[in-house]
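Q: just a sequence and a predicted model for now, questions to come.
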Amino acid sequence: MVKTTKGLRLVLASSIAAGVLGGAVFAQEEPKYGGTAVIHMVSEQRILNPALRASTGVYNISGKIVEPLIDKSYDGYEPVLATEWTGSDDGLTITVKLREGVKWHDGADFTCEDVSFTAMEMWKKLLNYSSTLQQNLESVDCPDPHTAVFNYSKPMPLELFVAAMPDLGHPMPKHLYEGTDILKNEYNTAPVGTGPFKFVEYERGQYVLAVKNEDYWREGYPYLDRIVWRFIKDRSAAAAALEAGEVHESGFIGVSMADIERLSNDDRFTVGTKGYENNVAHSTLEFNHRNPILADLKVRQAMYHALNIEDAIQTIMRGFAKPGRGPVPSAGGENYTDDVKTYDFDPDLAMKMLDEAGYPVKDDGFRFKLRHRPAPWGEYTQLWAEYYAQSMKAIGIDVEILTNDAPGFLNGVYRDHDFDTANGWHQFRSDPAVSTMVWLRSGSPVGTPWTNQFGWQSDEIDNMIDAAASELDPEKRASMYHEIQRRAMEELPVIFAIEHPFISVTSKKLKNHHNTPRWNSSSWYDLWLDE
Amino acid sequence: MPLPIPPILSYALRRLIQSIPVVILIMIGTFLLLKLAPGDTVDALVGDMGGADAAFIERLRAEYGLDQPVWVQLWRYMVKLASFDFGWSFVYEQPVATVLLDRLGNTLLLMATSLSLAFTIGVALGAIAARRVYSLTDNVISTLGLIFYATPSFFLSLMMMLVFSVKLGWLPVGGIKTIAGFYTGWDHVLDVARHLVMPTAALSLIYLSFYLRLMRASVLEVADLDYVRTAKAKGAGEARLMFHHIMRNALLPVVTLLGLQFSTVLGGSVVVETIFTLPGLGQLAYQSVVQRDMNTLMGIIFLCAIIVVIVNFVTDLLYARLDSRIELK
């Protein structure tokens, strides 16, 4: 017996919805064809192949050129290059029906051979996150050009497969990659896809330019003639470019928090977190449990009580966030629960707990000293580090902040374990098994960033994580993640302090923007410009 | 009988031979210094990606040759460099030579225009201020020089951007050309010039103040020397005094500064290029440090070392031209 998901139904539903909603949109504002949307990006991208680099920076550009099998909309998972997906009862086979009549930008047909090649040669072997996810993938058969059968040696939950596809499921053209050194293939920086926009040029240090795909499979789309992604490292200069009208959108908190607040009062812009529901992140506080002081649960709990999370959200994130509730964010759907232990802001209780734990205030005014490494990504990460240090000082803990750049931070925390506490932001990627569980699961090799390198280990949690990853029953799976979340909030291996989506500043000239939960990574086929 | 080698050629050859060990030492020293910094390009890459699994990281390190001991990496690099092979940039996924050549033109353009402007205007204003010492003109020029000297380039850049791009809309915020403008011929030249106005002004105003202050002091000193007084007593006019007697000698320390500053302007261009998103070597150097892109960074340093050697050589030639007492030996 075969279990069918809502793939096919979604095609119909989305077609009907497109007609109904489209009609509604047309009644209000007639979309205009033409124009060039200019998008700000802080960092350059080394390559633009989403089947080799799982990164929101890569998707922000290549998501318009290369499409995934499945994307995520506010109504759930929607078919893109796949039209239907089914899983066998034993979880060892997943069958994906592929869209017919789709062509690569060079004119070749898109077929199962492309999916099979990309899955085996890139997703399984070379793509970060995916190589773990697809480690049990044995083969992808092509019974016909538009059917791909994924064969696994161990059960793969269909929900996990589908949840991973928007980020980790971009097929690439086999005919351009087969027989080449994949990592050095010229199309990694000049991608050929099936998407609504065709790659034109990548001027290093300046911009990437893509133009309308006149043969796009969704008829009547896209609206825009061109998209330009401009790399502006300096956040103040990026804000100036927005105000001068040279840039239409800056996403992923690409301008300073002060400018975000200022521009949110400017009628020319829309500022908000909509469109990032699938890209939420946690601002964390990580402990090195090798330090005997921090290995004491009472100390960690006391430190949590000393953090005024609500105040931090208002002052650092300007209100665009909410308190974290463990390793699964509220965007985690059925896998999330808020029925967990919480820690109210109570410095007096924190000090009492530290006294009880055997760390009274000494003559120098402090109980003990901690060396703290803040991650260098994002202005708010640095601000959160300073907020944490001040909060700790108030209860008699001296925190020394060690500032470092990205490689220095990753080495200091994840390889050399040369820290007492650290903070960063860690992104949730659709499913706990794809991303957040690695912060709790022990056994990651030393030096692997954003994994449990904290010296904390629990056999029970490890077993629960492994079981949840291969559980086929969605309800059982969700209850397992609820339990893991509860345990994480009680034992505090890491404090998942603040849950925040990213923030965009968007010119009101752009229309149909931020209309999916991973908008910056999506294809923008319906984006238009009112100029 | 062999033809005698002209002194200038023999001097140039000797300087070239002397500069080879200097450049080699610079490259070895830089390589080792960079290796002392924590982390490598794989760490930076993984940081950008938001994470990766252990097998992926290990495979990349092996692919980039970063799993080898430092001395092996150094030896391999120096052997390649001997044949002017700068290697592969793992950040830009291109040969380093291509990456450098793409940026070199923009930086040289920015440096040449900025330094020429700074030097010409600075020297002229310095001379004027010195000849009207303690007058209103001198006070205005000196005060302006002091303001430019004391203003950080990032602040000057952002203020210019605010006024000329955001408020007045006269000039583009950044970049080197209008994207998707597809200009050709003179239109392209004018487009690039328009994009260079603010970065050039931001960079040159600071250096202009150096030349201005030095030229003023130098002219004041030279104008007080006996031979100037003699020329004046013999009836030389102001113009003849300035251009034939004072300027030539007063320029000597300013020319020295010009030579020395060529390398510091390259440093200054890091800030200006980053703010104005000007794709030059300065911006590339900054990115390469952050990304631990060793090959590209080494390529930039090699290029800078060569440029500084050449500029120092040209400065020495200019010295000999300006002061006949100096001989090239």
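A: Perfect, I can see it now. Since we're looking at a predicted model, the values are computed, not measured.

Q: pLDDT value on the residue in chain A positioned nearest to chain B, please?
A: Closest residue of chain A to chain B, CB to the nearest CB: residue A:407 (2.1 Å). For every residue, glycine as well, the C-beta is placed using N, CA and C. Turning to residue A:407, the model gives it a pLDDT of 81.

Q: now do residue A:27
A: For residue A:27, pLDDT reads 47.

Q: gap between the residue of chain A closest to chain B and residue B:158?
A: Applying CB to CB, to the nearest Å, the value for residue A:407 to residue B:158 is 28 Å.

Q: between the two, which one's more packed in?
A: Neighbours around residue A:407 and residue B:158, counted as other CB atoms under 10 Å in any protein chain shown, are more numerous at residue A:407. The numbers are 24 against 18.

Q: how about the residues of the stretch 51-200 of chain B near chain A?
A: Contact residues, the stretch 51-200 of chain B versus chain A (CB under 8 Å from any CB of the partner chain): B:51-59, B:63, B:90-94, B:99, B:102-103, B:157-158, B:161-162, B:165-166, B:169, B:172-176, B:179-180.

Q: need the helix or strand of chain B with the lowest average pLDDT.
A: helix B:41-49 (a mean of 77; mean pLDDT, DSSP states H and E).

Q: strands along the stretch 401-531 of chain A, start to end?
A: Along the stretch 401-531 of chain A, counting by DSSP state E, counting those that start in this stretch, strands occupy A:421-423, A:425-427, A:494-500, A:504-507, A:510-511, A:528-529.

Q: quick one: closest of those to residue A:185.
A: Nearest of the strands of the stretch 401-531 of chain A to residue A:185, taken as CB to CB: strand A:425-427 at 27.1 Å.

Q: so what's the closest residue to residue A:501 other than its chain neighbours up against?
A: Leaving aside its chain neighbours, residue A:501 sits nearest to residue A:276 (3.6 Å; criterion: CB to CB, 6 or more residues apart in numbering or on different chains). Residues near residue A:276 by CB atoms under 8 Å, 6 or more residues apart in numbering or on different chains: A:501-504, A:514, A:517-520.

Q: would you turn the residues you listed into JSON lines with neighbour count and pLDDT?
A: Shown next, in JSON lines, are these (neighbours: other CB atoms under 10 Å in any protein chain shown; pLDDT from 0 to 100):
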{"residue": "A:501", "neighbour count": "25", "pLDDT": "86"}
{"residue": "A:502", "neighbour count": "20", "pLDDT": "89"}
{"residue": "A:503", "neighbour count": "24", "pLDDT": "92"}
{"residue": "A:504", "neighbour count": "26", "pLDDT": "95"}
{"residue": "A:514", "neighbour count": "21", "pLDDT": "95"}
{"residue": "A:517", "neighbour count": "23", "pLDDT": "91"}
{"residue": "A:518", "neighbour count": "21", "pLDDT": "92"}
{"residue": "A:519", "neighbour count": "25", "pLDDT": "95"}
{"residue": "A:520", "neighbour count": "25", "pLDDT": "94"}
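
Q: out of these, who's nearest residue B:33?
A: Distances from residue B:33 to the contacts of residue A:276, taken by CB to CB, are shortest for residue A:502, at 36.3 Å.

Q: quick one: the closest one and residue A:277 touch, right?
A: No. Residue A:502 is beyond contact range of residue A:277, at 10.3 Å (criterion: CB atoms under 8 Å).

Q: can you tell me the helix or strand for residue 38?
A: All of this refers to chain A. strand A:36-41 (DSSP states H and E).

Q: to clarify, I was referring to chain B.
A: Going by DSSP H and E, residue B:38 is not in any helix or strand.

Q: just for the stretch 301-450 of chain A, where's the confidence low?
A: The model of the stretch 301-450 of chain A has no residue with pLDDT under 70.

Q: what residues does it put near chain B?
A: Neighbours of chain B within the stretch 301-450 of chain A, by CB under 8 Å from any CB: A:377, A:404-412, A:427, A:435, A:438, A:444-445, A:447-450.

Q: pull out the buried residues from those residues.
A: Using 16 or more other CB atoms under 10 Å in any protein chain shown as the burial test, those include A:377, A:404-412, A:427, A:435, A:438, A:444, A:447-450 as buried.

Q: which residue ranges of chain B form strands?
A: With strands called from DSSP state E, chain B shows them at B:88-89, B:94-95.

Q: just say which of these is most tucked in.
A: strand B:88-89 (a mean of 23; mean count of other CB atoms under 10 Å in any protein chain shown).
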